[in-house]
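Novice: Everything below, folded, please.
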Amino acid sequence: QVQLVESGGGLVQAGGSLNLSCAASGRAFSMGYIAWFRQVPGKEREFVAEVRRTSGYTSYADSVKGRFTISRDRAKNTVHLQMNSLKPEDTAVYYCAARATTAPRYDNWGQGTQVTVSS
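Specialist: Numbers count the residues shown, from 1 in each chain. Modelled structure (predicted):
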């Protein structure tokens, strides 16, 4: 079992920045990938970015490429999502998720943190 706790959400004006953090505890060492997803009410949860815990390999959704950066601090079992040039359409609840390297899907989730971008 892995516990994931997000922090860093809030209200920001368009063009601004936020840095989200995801602190992992429990069997965090068994997780191969950590990711960020986001969800708007009435819509499906969508993938934002992921990082491989060991190699640091990263992957991004097209909608955030060049604006968001995911990084991990292995010593602290923490993953960050630096969000720059924020747009109103980035408004959502952001969730941290984790999975084992061979797992087909993300099956460990945090409680989410709200990000609101005003125009």
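
Novice: now the spatially most central residue of the chain, what's its secondary structure?
Specialist: Note on the chain: the residue nearest the mean C-alpha position is Trp36, at 2.4 Å, using CA atoms, centre = their mean. For Trp36, the secondary structure call by DSSP: H, G, I helix; E, B strand; the rest coil comes out as strand.

Novice: Could you tell me how far it is located from Arg74?
Specialist: 17 Å (CB to CB, to the nearest Å). C-betas here are computed from N, CA, C, even on glycine.

Novice: again with Ser25
Specialist: Separation of Ser25 from Arg74 (CB to CB) stands at 14 Å.

Novice: now swap in Gly8 and tell me
Specialist: 19 Å.

Novice: Between the two, which has more neighbouring residues?
Specialist: Gly8 (16 against 12; other CB atoms under 10 Å).

Novice: Which residue is the nearest non-sequential neighbour of that one?
Specialist: Nearest residue to Gly8 in three dimensions, chain neighbours excluded: Leu20, at 4.2 Å (CB to CB, 6 or more residues apart in numbering).

Novice: now do Leu81
Specialist: With CB to CB, 6+ apart as the criterion, Leu81 has its nearest non-adjacent residue at 4.3 Å, and that residue is Leu20.
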